[in-house]
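1. Predicted model and sequence follow; I will ask about them next.
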Amino acid sequence: MKSPQVRVLKLILVALAAVLMLPVIASAGSKPVRVIVVFDNAAVHAAAMQHIERLGGAKIKDLPMVDGAAFYLPSKAAEHAVAGISGVKRVEPDLVVQALGKPAPRQPAQVIPWGVDQVKAYPVWTSLIANLVTVAVVDTGIDTKHPDLTGNLKGGMSAVSYTSSYNDDNGHGSHVAGIIAAVNNTIGVVGVAPAADLYAVKVLDRNGSGYLSDIIVGLQWVVTNHIKVVNMSLGTSTYSLLFNSVVQQTIASGVVVVAAAGNSGPGANTVMYPAKFAGVIAVSATDKSDNIASFSSRGTEVDVAAPGVSVFSTYKNQSYATLSGTSMASPHVAGVAALVLSSPIAGVGWTDDLNGDGKWEPNEVEWRLERTAQDLGATGFDTSYGNGLVNAYEAVVAPVAP
């Protein structure tokens with residue numbers, strides 16, 4: 001039989017071994033990693049969190065929408081160790097996503113941008129301007145002092161780490177916001193839905209990059225605040241179960257989600273996430289001649305097309321810019337979606353009210369946009385234009401019977 005002194009010494013050695021393993025985990029990978037950890041349930045959450053901290057993990061933020069949290073871990077070895085912790089359901093990389101546009105600022109005179117005219121938004125304004133329809137721009141923020149945006153900018157939030165302000169320090173988000181709802185006044189430009197209520201959800205930083213965890217926080221804010229339309233002119237080529245989950249939750253809550261298809265064309269099957277997710281209205285880009293842009297991503301997930309080449313809109317620091325990208329195409333569709341939401345759901349002798357509840361649902365808005373689009377390219381659906389060029393007049397004023 002071992003003496004009490006031997007048993008105590010053994011316990012001390014085991015404890016020392018556990019402590020000494022932490023530097024091994026920390027040094028096994030030369031670079032810290034940023035991950036999202038999803039827990040099994042609330043009962044094990046606290047214990048698993050303590051275990052992660054003992055492995056050198058530092059919590060960045062809670063993510064209640066996915067029953068998880070974002071962490072910095074000291075190494076890839078630590079990431080593997082965390083995945084084996086009791087109570088941890090899944091560990092995923094906190095993906096980096098990019099704004100899908102290219103800045104080129106300039107100073108303008110007031111015009112109706114060609115894209116707004118191309119999607120036939122102007123004829124709709126005599127009856128509808130999407131007043132009181134809420135649209136969230138999930139992006140780099142919105143210029144809070146821009147004279148063409150402040151009239152419609154109603155609020156927002158920032159999920160990025162270095163600022164609580166949703167003011168745009170990149171320009172991309174302001175450009176997107178102007179396409180959707182620049183005010184119809186005597187200066188600058190006018191948006192597709194010139195009286196929609198804009199909300200800035202800042203999830204991308206001054207360089208146009210951001211983390212999936214920030215997008216999760218942003219989308220949770222959208223759902224909590226009952227926003228009606230979300231535009232995401234951002235993307236990643238990497239599939240994420242978590243990203244898909246939060247997007248599906250957002251749609252299920254009644255939000256119309258519109259996203260840029262991506263700028264990875266002209267190859268086939270190049271649509272980015274989140275546009276590639278089911279239920280998201282994926283938008284490809286066209287030029288002034290209604291040709292698909294060479295850079296525009298293609299794929300079966302493309303739902304509709306919209307102007308995305310040399311689009312003039314608002315920009316940061318109270319300026320204006322001409323940009324190209326599916327980032328610019330997507331907000332044209334988000335603006336038309338806002339116009340649809342401000343229109344009656346029933347037609348004469350027919351209806352888009354697929355579930356019969358008397359109000360617009362995200363899939364019903366998508367159906368209206370797709371079946372009233374102007375067919376381009378090959379007859380019927382194709383992987384470049386989807387169902388065709390979005391058409392505000394047909395979707396809102398004179399929709400065709402199905």
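-> Great, that's in hand.

2. just checking, Pro64 touches Gln220?
-> Yes - counting by C-beta atoms under 8 Å, Pro64 touches Gln220, with 7.1 Å between them. Placement of C-beta: from N, CA and C, glycine included.

3. which of these two has more neighbours?
-> Gln220 (19 against 10; other C-beta atoms under 10 Å).

4. show me what contacts the closest residue to the more buried one other than its chain neighbours?
-> Excluding its sequence neighbours, the residue lying closest to Gln220 (C-beta to C-beta, 6 or more residues apart in numbering) is Met65, at 4.4 Å. Counting by C-beta atoms under 8 Å, 6 or more residues apart in numbering, Met65 touches 216, 219-220, 223, 246, 249.

5. can you put these in CSV and add distance to Pro344?
-> CSV is the format used below for these (distance: C-beta to C-beta, whole Å):
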residue, distance to Pro344
Ile216, 35
Leu219, 29
Gln220, 31
Val223, 26
Val246, 31
Gln249, 28
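
6. sorry, back to before: using the three-state scheme, assign the residue nearest to Gln220.
-> Look at Met65: counting by DSSP: H, G, I helix; E, B strand; the rest coil, its state is helix.

7. so how far is His146 from it?
-> Relative to His146, Met65 is positioned 30 Å away (C-beta to C-beta, to the nearest Å).

8. now His226
-> According to C-beta to C-beta, His226 and His146 sit 25 Å apart.

9. So between these two, which is more surrounded?
-> Taking other C-beta under 10 Å, His226 and His146 do not tie; His146 has more neighbours (25 against 10).

10. Which stretches in this structure count as helices?
-> 4-28, 42-54, 76-83, 114-118, 172-181, 212-224, 241-252, 326-341, 362-371, 392-396 (DSSP state H).

11. where are the low-confidence patches of the stretch 151-300 of the chain?
-> Within the stretch 151-300 of the chain, no stretch has pLDDT under 70.

12. how deep is Leu132 tucked in, by neighbour count?
-> Neighbour count of Leu132, defined by other C-beta under 10 Å: 13.

13. do you know how far it is from Thr140?
-> In terms of C-beta to C-beta, Leu132 sits 25 Å off from Thr140.

14. Over to Ala196?
-> To Thr140, Ala196 is 19 Å away according to C-beta to C-beta.

15. Those two: which is more packed in?
-> Higher neighbour count among Ala196 and Thr140: Thr140, with 32 against 29, using other C-beta under 10 Å.
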